[in-house]
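Enquirer: next input, structure requested:
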Amino acid sequence: MAPPSTIAQARSLLEEASSVVVLSGAGISTGSGIPDFRGPEGLWTQNPEAEMMSRFEVYVSNAEVRAKAWQHRAHSSIWEAEPNAAHRALLALEASGRLSLLVTQNIDGLHHRAGSSPEKIVEIHGNVRDVLCLSCNDRTPMDLAVERVLAGEIDPRCTASLEGAVCGGILKSSTISFGQSLVASDLERSFAAAESCDLFLALGTSLGVYPVAELPLIAERSGAKVIIMNAEPTAMDAIAQIVIHDDLSLSLPALLDGLSKREA
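Expert: Numbers count the residues shown, from 1 in each chain. From the prediction side, this is the model:
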């Protein structure tokens, strides 16, 4: 657990803030049983081949990679995962009237399930709730595709009807893979919020993937205070007023629970 004095210093900055932007990464969901990617026990650290499933050009061109990706989705721990204390702690920040925007790099939907207001959330890398056809852009629920995989389909294809014929296009989760562009409006909204906030809170992210890693830099250059909470050191620790290397499910509730209401 982080020293009480460090938590107290961070709490003081939060109490003084009027507009807080949060950026969350995989580290906030490890307490829900979802492994991160680059940490010591991360998915890509333990199995570098798994990263290939997140590269768009490889996914599209390699049927074997798609088959592995569908097996991974069908048996992922993400479907049983529940929000943990860190996700729930952010409700206190929103209730205090200070939360301007919650930008998440996560695709697990746990911020939504924890009760954070959808209008406050930007899922900058998309989500796994839906499946998208790369040919006709038809969007369907992920659970329907997972049922097909569990029933024996190796590489399910789009079943949408196009002028009387079945589309047959490649299906992919509605996540944004390496090699795909982020949604411009989401990125613009996130940049604008970072530029106008007076405190930026980075949670469970290594801050090594751009352009999202620019957000704390934008906030800092615009005069905001920066707090970084992550299990491991990050690329941006040097710009932060406070850095806490700890388990977020313990330290974040300690920081946010009982936060006072912001005065109008």
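
Enquirer: in the sheet, who's paired with residue 244?
Expert: residue 229 (DSSP bridges).

Enquirer: buried stuff in stretch 250-264?
Expert: Using 16 or more other C-beta atoms under 10 Å as the burial criterion, the residues of stretch 250-264 that qualify are 251-256, 259, 262. Quick note: C-beta positions are derived from backbone N, CA and C, even for glycine.

Enquirer: before we move on, what about stretch 88-97?
Expert: 88-94, 96.

Enquirer: buried residues in stretch 140-160, which are they?
Expert: Buried, per 16+ other C-beta under 10 Å, within stretch 140-160: 140, 142, 145-146, 148-149, 156-160.

Enquirer: end to end on it, go ahead and measure it.
Expert: 10 Å (C-alpha to C-alpha, to the nearest Å).

Enquirer: contacts for that stretch next, please.
Expert: 63, 66-67, 70-71, 73-74, 79, 128-131, 133, 135-136, 138, 166-171, 173 (C-beta atoms under 8 Å, 6 or more residues apart in numbering).

Enquirer: what does the domain assignment say about this structure?
Expert: 1-34+82-125+180-264, 40-80+127-175 (automatic domain parsing).

Enquirer: what residues are up against the residue nearest the centre of the chain?
Expert: The residue lying closest to the centre of the chain (C-alpha atoms, centre = their mean) is residue 106, at 1.9 Å. Counting by C-beta under 8 Å, 6+ apart, residue 106 touches 24-26, 28-29, 123, 125.

Enquirer: make CSV out of those residues and add secondary structure, neighbour count and pLDDT.
Expert: Shown next, in CSV, are the contacts of residue 106 (DSSP: H, G, I helix; E, B strand; the rest coil; neighbours: other C-beta atoms under 10 Å; pLDDT from 0 to 100):
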residue, secondary structure, neighbour count, pLDDT
24, strand, 27, 98
25, coil, 25, 96
26, helix, 22, 93
28, helix, 32, 96
29, coil, 28, 95
123, strand, 24, 97
125, coil, 20, 95
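
Enquirer: and of the residues you listed, the nearest to residue 235?
Expert: residue 25 (12.1 Å; C-beta to C-beta).

Enquirer: picking that back up, tell me the most buried of the domains of the chain?
Expert: For the domains of the chain, average neighbour numbers computed from mean count of other C-beta atoms under 10 Å are highest in domain 1-34+82-125+180-264, which has a mean of 19.

Enquirer: how far out from the middle of the chain is that domain?
Expert: 11 Å (C-alpha atoms, centre = their mean, to the nearest Å).

Enquirer: residue 55 reaches residue 177, doesn't it?
Expert: Yes. Residue 55 is within contact range of residue 177, at 6.3 Å (criterion: C-beta atoms under 8 Å).

Enquirer: ranges for the strands of the stretch 1-150 of the chain?
Expert: Shown for the stretch 1-150 of the chain, the strands assigned by DSSP state E, counting those that start in this stretch span residues 20-24, 99-104, 121-123, 126-133, 139-141.

Enquirer: out of those strands, flag the one nearest residue 245.
Expert: Nearest to residue 245, of these and by C-beta to C-beta, is strand 20-24 at 16.2 Å.

Enquirer: can you check the pLDDT for the residue of the chain positioned farthest from its centre?
Expert: Centroid-distance maximum for the chain: residue 164 at 38.7 Å, with C-alpha atoms, centre = their mean. Note on residue 164: pLDDT of 81.

Enquirer: same question for residue 4.
Expert: So residue 4 comes in at 79 (pLDDT).

Enquirer: swap in residue 257?
Expert: 91.

Enquirer: residue 53 too?
Expert: pLDDT, residue 53: 73.

Enquirer: wait, doesn't it sit right on residue 72?
Expert: Yes. If you go by C-beta under 8 Å, residue 53 and residue 72 touch, sitting 6.5 Å apart.

Enquirer: ok, the buried residues of stretch 250-264 vs residue 192, which is closest?
Expert: Among those, and counting by C-beta to C-beta, the member closest to residue 192 is residue 262, at 20.1 Å.

Enquirer: state the phi and psi torsions of that closest one.
Expert: phi -70, psi 140 (degrees, to the nearest 10).

Enquirer: can you tell me how far it sits from residue 123?
Expert: 25 Å (C-beta to C-beta, to the nearest Å).
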